[in-house]
Structures are given as structure tokens and as C-alpha cells.
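# heads up, no residue letters with this:
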DNA sequence: TCTGGGGTCCTAGGACCC
DNA sequence: TCTGGGGTCCTAGGACCC
């Protein structure tokens, strides 16, 4: 029987690190990535006033990533740029360049696949790997029973560095849940390996919120019940947890706190939904700005249609997401008689789904989402069946 | 002038069918 | 006429993650 070894590989401050490759003179500077601003011409020196500074930013947006020197000033991803500007006014602000990050993402994943072919994509900058059957992973040395898998992890880090010039942090344990925790224990450029036997020592002292799946709401409910750490969660009676969180989540909380997780590394998932959304430069009123909203709805529907076409998919359900100025979110959706990837058809059904929404409050965001996705070649093209009709809104 | 954009999964009620 | 379950689909909302 093989010892199961799962790795979680997490690129260090990924977007920021990719930007530092391009602008090496900014190494060691507080830099944040976010917003919609254009870059200065040329390559100014690190202390040049030509670089956009956080204090000069005006508008909506959040930090996508910050370099470690910027994090030391108290800013972090998800923080509003205006708030960050008060904490770190002199930090350099670079716009996001997703095409470039996707390029480096492909590079590091291709390099890793050469060593460990069982890979689960978890987004642009992190992956899970099943190392169990990687050659050498099961070998032991006299002074280190896990020398084999440790060496495999070192090779992964080296391969990522050679392919991209970037560092990553890796956690290696018997499952995904623990490896996700482990990869975060020694950042940046870390390698953390442990087994189930070390869970009490290494995991139980951590706050419960560090478990992937315990977010702000669940952490707060646990706190109200007197549970702060994973160890305290592990000590709670499963029946008592089920009483407070339901049998399903209660059991999951109990298992997670004991480091138990049998989920496999999944190399492929069929996409379930696709969406496009946009936050407006200024809030828009459903009636007063009806024309502008109509143009935006058309654009979003066309973008989703193009995304579907690119992946050769069609959708049965289309919906709209609205965020009001008070941040309340409403969603409406409709299932169509035929699946489609046709932009005007998606737009028509999206608009129709909005029949009963509140027209008296200003909006700050609108999005279009499709689900019920199927392969396009399994379904006849229904665009010939479109019917013209009047629209209730926009 | 707080708070982006793209996803997954879960819950829950009502419709509808057997 | 009244009383049942179970299963699936549709819709809306919410928690959570990167």
C-alpha cells in the first residue's frame, strides 16, 4: 500500500512577482497591483516621480496583489484602493495585466506537469498535485523517512524557478486540506511537509478560519460558540457541532479539524457557468440611465456569447446580476427552451428575466451569467428560431 | 471617494410528475 | 374525496475561494 502524498503549490505574490520581473528596479519597493490606470512611458528608476503612486489614485477598485514590502505597511489584496492609499500613499500602483499572468501561469504549470502529471488547477496561481505515484516519492532515507517525496517537491520548486524565474511555496501532506494549510506555513519560497501524526502539533494551534472552507461567517459563528482554534474545533463533540451547523457541515468541520480529507486530485472538470460583470464608474439609475444600461447589457451578453463560442459551448439558462448602491445583490435567471450561444438571444432572455426588479435604487454593477452548459456540437443551432418581441426593460 | 471579477457548491421552496 | 411519498427541475440567495 502506497503512502498517499498530495502537494499544494502556491506561487508567491504571483501578480506582483510577475511585475517585478518586468520592472526589476522596483525590487524591495512597496508595490500594489490593481485599478485601471495606464503605465508611464519607458522604464523610470524606482524613485522616479513618473511611477503612479497610490496617493494619486481616484476611483473604484481594490488591490489584487501587493508585494511583501507593501504588505508590511498593512495593505493586502481585496482592500479598497482609496483605503490603501491612506496606509501607504507612496506605494507604487501598477495596473493588472491578466494576459501576462496567464502566460506565466501556463509556463509554471507546464513545467510542473513534466514531473507530476496528476494536476488539479485551482486558478491562475495555485495547483494540487498527486505525488503518490511519482517515481521516487515513496523512497525513504535512514535519517528521513520522507526523503523521496521531499526531493520530488524540491525538484518541483526548481522546475518552476527555471521555467519562470519565480518562487513558489509547497505544502506536502497526505491530503488536500492539510497541504493547503502547509503551503502557507513557510512563505515565500517554502517547503512544508508533515503527516497526520503531526496534526496536533502543527495544525491545532492555528485559528479555525485558516481551514479552506471556513470563511468569515463560519469563523464568527464558531467564535460565538467559544471556538477559536482548530484544536478547539477538534475537541468539540460531533453531535454538538451538527446541532449548530447541520449534520453535513457539522461532520465536515469535525473531520477537517482532525485533518481528515479523502477528496481526490481532479484533473478535469466540466465548466458549470460563465459570467461577465462590470462595476460602473459612477452609479446608474435604472430609469434615468436606461439607455446606458441597455448598451452595457448588450455588451455583457455579447462577451458571454463570445466566451461560450470560444469554448464551443451553449447555455440553457441565462441570468442577470445587479448590485445596488447599498451593495445589496439581486439575481434573476430564466431557462430558455433551447440552449444557445447567440448574443442577441442571450440579451433578450437576460432582459426578460429583469421584469420585477426594483427600479428606484441606483446600481453600481451589472453582470450576465449563463449556466446549464453543454457542448455546442451536441445541440442543433437554434439561432434561426429567434423571435422578435418588445422588451420589458432596457 | 470604502468594498473587482470570475468561479463552485449548498440550501430551500414551489412546480410538476409518478 | 382525502391522503401519501419520492424525484427532478427551476429559481433565488448566500458562503466561500482565487
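Cool, got the structure. As the structure is a computational prediction, the values presented were derived from the model and not from experiment.

# got a list of what the closest residue to DNA strand C within the stretch 151-300 of chain A touches?
Of all residues in the stretch 151-300 of chain A, the one sitting closest to DNA strand C is residue A:215 (2.2 Å; Cβ to the nearest atom of the strand). The C-beta positions use only the backbone N, C-alpha and C, and glycine is treated the same way. By Cβ atoms under 8 Å, 6 or more residues apart in numbering, the residues touching residue A:215 are residue A:209.

# and it, how close does it get to residue A:116?
In this view, residue A:215 and residue A:116 are 29 Å apart by Cβ to Cβ, to the nearest Å.

# just give me the neighbour total for the closest residue to DNA strand C within the stretch 1-150 of chain A.
Proximity to DNA strand C, evaluated over the stretch 1-150 of chain A using Cβ to the nearest atom of the strand, is greatest for residue A:123 at 2.9 Å. Residue A:123 has 9 neighbouring residues, counting by other Cβ atoms under 10 Å.

# repeat that for residue A:68.
The tally of other residues near residue A:68 (other Cβ under 10 Å) stands at 15.

# cool, and the one 5 residues further on?
Residue A:73 is flanked by 17 other residues according to other Cβ under 10 Å.

# what about the residue of the stretch 1-150 of chain A closest to DNA strand C, which SS state?
Three-state assignment for residue A:123 (DSSP: H, G, I helix; E, B strand; the rest coil): coil.

# quick check: phi and psi on it?
Dihedral pair for residue A:123: phi 110, psi -170, per degrees, to the nearest 10.

# and it, how far is that from DNA strand B?
The gap separating residue A:123 from DNA strand B is 7 Å, by Cβ to the nearest atom of the strand, to the nearest Å.

# same thing with residue A:33?
Distance of residue A:33 to DNA strand B, given as Cβ to the nearest atom of the strand: 10 Å.

# right, and that residue touches residue A:16 too?
Yes - under the criterion of Cβ atoms under 8 Å, residue A:33 makes contact with residue A:16 at 5.6 Å.

# what sits against residue A:196?
Taking Cβ under 8 Å, 6+ apart, one finds A:173-174, A:178, A:259 in contact with residue A:196.

# out of these, which sit inside helices?
residue A:178 (DSSP state H).

# how about TSV for the contacts of residue A:196, with neighbour count added?
Shown next, in TSV, are the contacts of residue A:196 (neighbours: other Cβ atoms under 10 Å):
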residue	neighbour count
A:173	28
A:174	20
A:178	27
A:259	25
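
# and the residue nearest to residue A:126 when sequence neighbours are not counted, bridged to which residues?
Counting by Cβ to Cβ, 6 or more residues apart in numbering, residue A:126 lies nearest to residue A:10, which is 4.6 Å off, once chain neighbours are set aside. Residue A:10 has the following beta-bridge partners by DSSP bridges: residue A:126, residue A:169.

# how near is the residue nearest to residue A:308 when sequence neighbours are not counted to DNA strand B?
Excluding the flanking residues, the one nearest residue A:308 by Cβ to Cβ, 6+ apart is residue A:341, at 3.9 Å. Going from residue A:341 to DNA strand B by Cβ to the nearest atom of the strand gives 14 Å.

# what's near enough to touch residue A:341?
Applying Cβ under 8 Å, 6+ apart to residue A:341 gives the contacts A:305, A:308-309, A:313-315, A:376.

# go through these and name the one nearest residue A:111.
Set against residue A:111, the nearest of those by Cβ to Cβ is residue A:313 (29.2 Å).

# for that closest one, what are phi and psi?
Torsion angles, degrees, to the nearest 10, at residue A:313: phi -120, psi 160.

# which ones are touching the nearest residue in space to it that is not next to it in sequence?
Excluding the flanking residues, the one nearest residue A:313 by Cβ to Cβ, 6+ apart is residue A:373, at 4.9 Å. Neighbouring residues of residue A:373 by Cβ under 8 Å, 6+ apart: A:270-274, A:308, A:313-316.

# and the residue nearest the centre of chain A, how far from residue A:14?
Residue closest to the average C-alpha location in chain A (Cα atoms, centre = their mean): residue A:123, at 5.8 Å. Residue A:123 is 10 Å from residue A:14, where distance means Cβ to Cβ.

# and residue A:81, how many neighbours?
The burial count for residue A:81: 20, using other Cβ under 10 Å.

# hmm, residue A:93 and it touching each other?
Yes - Residue A:81 lies in contact with residue A:93 (Cβ under 8 Å); the separation is 7.4 Å.

# alright, calling it a day.
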